[in-house]
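Colleague: just coords:
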């Protein structure tokens, strides 16, 4: 079987599994789990075979014209280079883990068949984006992911939070997709093709007439899909969906699509120095702002959501300094440890009965209840904090090292201003990342108080997946930075001495300071009496999470609703804490700048339509109605009335005729 045939089957198998699962889910629910897991696993195996055959060598290209258009042709095209081959393996791995994990996490959910089918469709759409060699076909996968996210984030549609989050995710990403679509059309017009290879050849020959406009339009779509400032606000609210969905969106599908798209077309952005600086500023604001917000969140999933935004900022920063190898390296590393963080969080939520870190900090033995989640999440948090030798250290240092090369003039792929912006913001974010990772670990696993209720061991399908993902989180970076240059552009991805010392030093400082703050606040909180921890009713993890979402509050008693006196984030952020917890009020700003004016305009239009336009319409209909009513009154059906009227009319005419004759 040829490599092209195998590559076609990679996105096709999850798509067929999704169709079969959605069709048979209600009539034959017993087939839902095999149809969810087996096609996705088969797709992972085929993606690994494709990667093995591609081997970092020459790209595999294949195309057939979809339909004649008379101008820019649309082709079903594959373009599989080292980047596409490895990202597809990541997507298949995370999607397979999510599907296996979900069989236990949502084992009692009556809507599991539709959920699993949508996850498979989501996976198929991302694989289409990864392998596509034509931007119009890529756009199909791009938009299918958008509609899948709408349904999956709104899985618990009974709760107003889930409904609002799904609408917000859909609308905010569509806001970015409008300029993105215009940018694609402009790019196709300048290049005369939607094939990525021909577009890149046009860029290399200097054939783009409007590189800055095109790059900025495309960047708007990337900001929406990959949750970059200022279109990042949908991602924390999307935590209202089931935890496995969060793992899939954050680790390997939707939010990774924008970064991958820029990596695929990086020369288009490099053609405009202004676009590179804008991208660097966007990445810097995203990194630092999201890290501050993560340090103030109480919901464990919102901490991880803001963490994803910040790590995507690192990837965007690597692209802003002209190195797609470092960006995709961090994408691969982040995909493994972020999927692990979310899936471990799902186990913790099930055991604790709440998403609230404040509540978890009042449970004295939570880590003993979930030893698998405790150890694997510790590995993932160390990778997130970029502590050597975990994978996040090597991939994050690759980003900082590239920024340093730009600053010192060793590369001319990006302006020096972009290098400075990314380097300074990256080091600041490294401090904050270590701080909120340490805070999460301390509050979740080093709490004091009553024992957490014992819900028994989690299903094996949930715990095995954690250890599978812990392997790349621990070991991927150590050898990947040596092997990946052969798959990517050949640039060195190894850590440099300067950024390694600085990055690790500030990360350790952030963790130590947070630990000291926690010790101080814990000693102070010891003087505050603790309330009893109420037992949460046993149940599957998905139901516990849905109940926590619906209740607007933690599941363990009134004491958890008060601010946690042992939270080091409050001490570290001080007066900034309130603003950071609210995401720096960006939603309020957007409501004032956009939502309220649009609603006011809609109210004005409704008033004009009802009180002005409809008044004329009603008046135009009322006049004939009144005339008809008057005529109808004359038509009584009484012969005597008609004869009397006839005689009266005859008399009137006779009198009139006499008067006229007399006057004559």
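Modeller: Arrived safely, thanks for sending. These numbers come from a predicted model, not from an experiment.
Colleague: so where does residue 458 fall, helix or strand?
Modeller: Using DSSP states H and E, no element contains residue 458; it sits outside every helix and strand.
Colleague: dihedrals phi and psi, it?
Modeller: The phi and psi torsions at residue 458 (degrees, to the nearest 10) take the values phi -70, psi 160.
Colleague: residue 154 too?
Modeller: Here the main-chain torsion angles of residue 154 (degrees, to the nearest 10) amount to phi -90, psi 30.
Colleague: go on, residue 298?
Modeller: Summarising the backbone geometry of residue 298 under the convention degrees, to the nearest 10, its torsions are phi -100, psi -30.
Colleague: burial measure for it, as a count.
Modeller: Around residue 298 sit 21 other residues, with neighbours defined as other C-beta atoms under 10 Å. Backbone N, C-alpha and C define where each C-beta goes, glycine included.
Colleague: now do residue 591
Modeller: The burial count for residue 591: 14, using other C-beta under 10 Å.
Colleague: are we agreed that it is in a helix?
Modeller: Yes - going by DSSP: H, G, I helix; E, B strand; the rest coil, the assignment for residue 591 places it inside a helix.
Colleague: ok, now how distant is residue 312 from residue 225?
Modeller: When C-beta to C-beta, to the nearest Å is the yardstick, residue 312 and residue 225 sit 10 Å from each other.
Colleague: anything in contact with each of these two?
Modeller: Contact with both residue 312 and residue 225 is made by residues 255, 258, according to C-beta atoms under 8 Å, 6 or more residues apart in numbering.
Colleague: tell me which of those two has more neighbours.
Modeller: For residue 312 against residue 225, the residue with the higher neighbour count under other C-beta under 10 Å is residue 312, and the figures read 30 against 27.
Colleague: can you pull the contacts of that one?
Modeller: By C-beta under 8 Å, 6+ apart, the contact list for residue 312 reads 226-228, 255, 258-259, 286.
Colleague: which SSE is it in?
Modeller: Element membership for residue 312 (DSSP H and E) is helix 300-320.
Colleague: tell me which helix or strand comes right after that helix.
Modeller: Tracing the chain C-terminally past helix 300-320 and defining elements by DSSP H and E, one meets helix 324-352 next.
Colleague: could you check the angle that following helix makes with helix 300-320?
Modeller: Comparing the axes of helix 324-352 and helix 300-320 via axes from the mean of the first three to the mean of the last three C-alpha atoms, to 10 degrees yields an angle of 180 degrees.
Colleague: what pLDDT, on average, does helix 324-352 get?
Modeller: Helix 324-352 shows a mean pLDDT of 93 in the predicted model.
Colleague: residue contacts, the residue lying closest to residue 580 once chain neighbours are set aside?
Modeller: Counting by C-beta to C-beta, 6 or more residues apart in numbering, residue 296 is the residue found nearest to residue 580 once chain neighbours are left out, at 3.8 Å. Residue 296 sits next to 569-570, 573, 576-578, 580-581 when contact means C-beta under 8 Å, 6+ apart.
Colleague: show me where the stretch 401-550 of the chain has helices.
Modeller: For the stretch 401-550 of the chain, the helices identified by DSSP state H, counting those that start in this stretch occupy 416-445, 460-487, 497-525, 541-551, in order along the chain.
Colleague: which of those is buried the deepest?
Modeller: Most buried of the helices of the stretch 401-550 of the chain, by mean neighbour count (mean count of other C-beta atoms under 10 Å): helix 416-445, with a mean of 24.
Colleague: between that one and helix 300-320, how big is the angle?
Modeller: Taking the same axes, to 10 degrees, one finds helix 416-445 and helix 300-320 inclined to each other by 160 degrees.
Colleague: show me what helix 416-445 is packed against.
Modeller: helix 273-294, helix 300-320, helix 357-360, helix 366-369, helix 371-384, helix 391-407, helix 497-525, helix 568-573 (3 or more C-beta pairs under 8 Å, 6 or more residues apart in numbering; DSSP states H and E).
Colleague: and the longest one with helix 371-384, angle?
Modeller: Read it as helix 497-525. Counting by the same axes, to 10 degrees, helix 497-525 points 130 degrees away from the direction of helix 371-384.
Colleague: which one, of the helices of the stretch 401-550 of the chain, ends up nearest to residue 79?
Modeller: Shortest distance between residue 79 and the helices of the stretch 401-550 of the chain, using C-beta to C-beta, is found for helix 460-487: 14.7 Å.
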